Structure formats: C-alpha cells, structure tokens
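Chemist: Just need the structure, nothing else, for what follows:
(chains A and B)
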Amino acid sequence: MNTEVVNNTQLYLNEPKMALDFLVRNLGFVTHGNAVSEDADSVKICDSNGNLYEVLLTSKKNENNTNNFKLTINTKDCLQDFYIMERKGICVLTKPYYVSEGLAFEITDYWNNRYMLIEKRDYND
Amino acid sequence: MKIFKVLHNQNKLYSEITTEASYTDQKDELSLHAVFNGSESYTIGKREVTVFPGNFLILNNGTRYDRAIYSDAMANTFAIYFSPKFLQDFQYGYSLSDKNLLDGPIDKSTWETTTFLETIYPCKGDIKYNLLHLISHFNENADELLLDDYIYHTLFLFHRLYDKEVLHKSSCLDALNAGTRNELFKRLTLAKDFMLSNYSQDISLNDISRQSCLSPTHLFRTFKQIYNCSPHQYLIQIRLDNAKHMLKSTTYTLNEIVSLVGFTCPSTFIKLFKNRFQFTPGTYRHHIA
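Modeler: Predicted coordinates:
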C-alpha cells in the first residue's frame, strides 16, 4: 500500500476505535503512542514512511453519518490501490475517476465513514 | 534487455532497454510506442519519424513499419499492442450510451474497429502517469488484471487525447468541406512530425513545407490555425521541452544540451528558456528538477 498522507483534519467517526483499526489494517497506517480511549479528542497516526499526523476525532454516535465529509488520503498509485481494495472486499463507492488534481476513487468502511484516495498529479511538468 | 508478455486477453506489452536494435517489416495490431530515454526511429512507408521522450507514436492494425534504435545512451522504449477484441469491446462501451448498451445486444461482428491518425502524440499529463505506472508494474511482473486496468485507462486517455489533438484541432481549420479539412490536417501533422523528429537539425520553413506537401505560405497560415503559433515558434517549443527533459534526466553540460537540441547560441537559449518556463536552465537543474 502506497498511502502516504492524512490531512490534519477533523474526522467525524462512528466508532472511532474501529474506524481507526480500518485505517491501520487497510490503508497502511500505524497508530502512534497509546491506544485510542473512549473520550479521546485526537489520535496520532503514522504513514508508511514514518511521517506523523494528528487526526481529530468527533464521535457522533446515534446519528446517521450522512454528512458529505470525506477523509482525503494521498496515494502514489490510485489504480493499484483500487485493485487492492477490491480484492480485499472493501466497499468501493466509485471507480477511479479523473479530477483536476489527479486520479481518485472513494471507499467506505463498515461504519459509513467515507474516504477519498487521490493520486495527485503535476500537470505543469 | 527485452521483456515481452502476452496477456490472457491477447493484449501485448513490450519493453526494451538497449543502445542498438533494428527490426524490419513489422506488422501488428493497433499499437502505442513510447520512449522514456533516448530515441527510436520508425519508417512507415516513405515516412521517417523519430520518437523522443515526451511523445508516443500510434500505429494502426496492419500498418507495416521498420523500427530502429541507435543511441549513445541507453534507450528505454515501451509498447502496448491492443488486441482487436479488446479494442472492439472498449470502443463498444466508449461510443455507446448506457441506455443503448442496456437496451440490447449489438452484433459485434458488424462493428468496425476505428483507425486513428498515425502520428506523434504528446505523452503528458494523465497518459504519461499511467504509462509510467504500467511500465513499473510490468517490470515487476504484477498481476495481469492490474495490468489490464492500466491498459484500459491508457486507451481511455488516448481517446480523450485524440478528441482534443485531432478531432477538435482539425475542426479549427477554415477549409470549406470535411474532405479538404482532413487532408489539410494530415499534411499539417506531417509538418509537426517532421519537426518533432528532426528538432536537433538546422531545418527551415522550406524543408518543413516540402515534407508536408504544402507551400510555405499555406503551411504558415494553416499551421497557426490549429497550433496557435508559427512552425518556427513550434520548433522552438520542441527544442526547449527537450532541453528541459535533458536538464532533468541527463548529466550533459548546458553547452552540450544547447547543441544537442539544435540551438547555436547559449545566451539565446537561456533567454528563450527563461521566457517559456520563468526560470533559467541552471535554476531548473539545481533547484527544481
């Protein structure tokens, strides 16, 4: 998995602990420091290159996560990641599609959190 | 080093890294030929074209050609041969709306495979990224289904590029009827290919007009209609783009690059480079590339 960056951002998670477990198992992140407690405000996670990021968490239990928020994750190879996700049986919401910044696709976890994986491309090169 | 692979759906991938190779009387399916280092020359009928990094060549099903590599540095070439069945399935899905696709089966035996204008296309943006990923996975012997995804996307991106580079541009010509417009556009692509293949040589407007079978005045006027610049300005752009590539990926000195891309005066080159890219060649090599 070539995922590399999570934006420092506020992530509304149903079941934060389990959703983070999804990030770790399927998107190649590792949690940093102590495990996530029930009342944690944030969690630090590392990408595969060892870069540290802080994700703010807000649990919205008993509410439908119908907001349009998507956690954006950069990838070095969008088509390869799409292929891997499909093989793992992860629910992919879209096929890879071209956007002004590059190539992207969307997935969801079991708790209806949405993620957009994007391979950013330099079109001025 | 050569790697050749036939996939389960008869698409073929070919990668070669060498300084010298020659293949005569080749005839294949629709194929895309890209070069990522060095150059590769093709003889198609009486035409001679050379593909450099930053471009690729499209050859139609059944076209006979010779190709050769003679290079001081290692040339790195890559080709995709699209099987007719794959191409037909792709075009069937690409050309028809979802409704038509769902409404009923179409007799594919009557579905004619499209032919494309055999010319040099720019290998930039998405298609470049896709090809680089494809080569990387191909060299790592990745799963065929993943390679298929890349081939599908490459074909999709080529169709998008074709719409922009051929269909849209040819419609910009002032010619009265479609037949004249198509013929004129083909001749202008001969002029473009000649410049892309021989940019390092000292070529004049008369040389270019001879290659395209157009008078210098007619060439000058119509070239501007589709490329928004004169043939001379287009040639300068090609030279500067190739110089940029060399600054990034070779260790040639600035003076060597100036000479290799067809400029005679280093100070003129530096001035033109700065005008086009907003930084000097030295700044680009040491701080940006």
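
Chemist: which intervals of chain A have sub-threshold pLDDT?
Modeler: Where chain A drops to pLDDT under 70, the residues are A:1-16, A:32-41, A:47-69.

Chemist: Going along the chain, name the helices of it.
Modeler: Counting by DSSP state H, residue ranges of the helices within chain A are A:16-27, A:78-88.

Chemist: I'd like those as TSV, with mean neighbour count and distance to chain B appended.
Modeler: Placement of C-beta: from N, CA and C, glycine included. Converted to TSV, the helices of chain A look like this (neighbours: other C-beta atoms under 10 Å in any protein chain shown; distance: least, C-beta to the nearest C-beta, whole Å):
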stretch	mean neighbour count	distance to chain B
helix A:16-27	19	18
helix A:78-88	19	5
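
Chemist: could I get the ones you listed as TSV with distance to B:Leu7?
Modeler: Output for those, formatted as TSV (distance: least, C-beta to C-beta, whole Å):
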stretch	distance to B:Leu7
helix A:16-27	28
helix A:78-88	15
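
Chemist: Nearest to B:Gln26, out of those helices?
Modeler: With C-beta to C-beta as the measure, helix A:78-88 is the member of those nearest B:Gln26 (29.5 Å).

Chemist: and residue 45, how many residues sit next to it?
Modeler: Just so you know, I chose chain A. Taking other C-beta atoms under 10 Å in any protein chain shown as the neighbour definition, A:Ile45 ends up with a count of 21.

Chemist: wrong one, chain B
Modeler: Using other C-beta under 10 Å, B:Gly45 is surrounded by 9 other residues.

Chemist: can you pull the pLDDT of it?
Modeler: Looking at B:Gly45, its pLDDT reads 89.

Chemist: how far away is it from B:Asp148?
Modeler: The spacing between B:Gly45 and B:Asp148, counted by C-beta to C-beta, to the nearest Å, is 32 Å.

Chemist: quick one: which of the helices of chain A is nearest B:Ile3?
Modeler: If you check each of these against B:Ile3 by C-beta to C-beta, helix A:78-88 wins as the nearest, at 19.1 Å.

Chemist: which other helices and strands contact that closest one?
Modeler: Helices and strands touching helix A:78-88, by 3 or more C-beta pairs under 8 Å, 6 or more residues apart in numbering or on different chains; DSSP states H and E, are strand A:91-92, strand A:102-108, strand A:114-120, helix B:125-139, helix B:144-162.

Chemist: quick one: that helix to helix A:16-27, angle?
Modeler: Here helix A:78-88 runs at 110 degrees with respect to helix A:16-27, directions being taken by axes from the mean of the first three to the mean of the last three C-alpha atoms, to 10 degrees.

Chemist: what angle sits between the strand ranked longest in chain B and helix B:144-162?
Modeler: Looking across chain B with DSSP state E, the single longest strand is strand B:64-81. Using the same axes, to 10 degrees, the inter-axis angle of strand B:64-81 relative to helix B:144-162 is 120 degrees.

Chemist: how close does the spatially closest residue to A:Cys78 that is not a sequence neighbour get to B:Thr189?
Modeler: Distance criterion C-beta to C-beta, 6 or more residues apart in numbering or on different chains; nearest residue to A:Cys78, sequence neighbours excluded, is A:Glu119 at 3.8 Å. Using C-beta to C-beta, one obtains 32 Å as the distance from A:Glu119 to B:Thr189.

Chemist: I'd say the residue nearest to A:Cys78 and A:Tyr98 touch.
Modeler: No: shown here, A:Glu119 and A:Tyr98 do not form a contact pair, counting by C-beta atoms under 8 Å, at 10.3 Å.

Chemist: Settle it for me: which of these two has more neighbours?
Modeler: More neighbours sit around A:Glu119 than around the other of A:Glu119 and A:Tyr98, counting by other C-beta under 10 Å; the figures are 24 against 16.

Chemist: so who does that one touch?
Modeler: Residues in contact with A:Glu119, defined by C-beta atoms under 8 Å, 6 or more residues apart in numbering or on different chains, are A:Asn74, A:Thr75, A:Lys76, A:Asp77, A:Cys78, A:Gly102, A:Leu103, A:Ala104, B:Tyr129.

Chemist: now, which of these sits nearest B:Phe273?
Modeler: After measuring the contacts of A:Glu119 against B:Phe273 - C-beta to C-beta - the closest member comes out as B:Tyr129, at 24.8 Å.

Chemist: For the closest residue to the closest one other than its chain neighbours, give me phi and psi.
Modeler: Counting by C-beta to C-beta, 6+ apart, B:Tyr129 lies nearest to A:Arg121, which is 5.3 Å off, once chain neighbours are set aside. Backbone torsions for A:Arg121, taken as degrees, to the nearest 10, come to phi -130, psi 140.

Chemist: And for B:Ile120?
Modeler: According to degrees, to the nearest 10, the main-chain angles of B:Ile120 amount to phi -90, psi 130.

Chemist: again, but for B:Ala142
Modeler: Geometry field for B:Ala142 lists phi and psi as phi -70, psi 170, criterion degrees, to the nearest 10.

Chemist: how much space between it and A:Ile45?
Modeler: Computed as C-beta to C-beta, the B:Ala142 to A:Ile45 distance reads 28 Å.

Chemist: just B:Ser136 next, same as before
Modeler: For B:Ser136, the distance to A:Ile45 under the criterion C-beta to C-beta works out to 27 Å.

Chemist: All set now, cheers.
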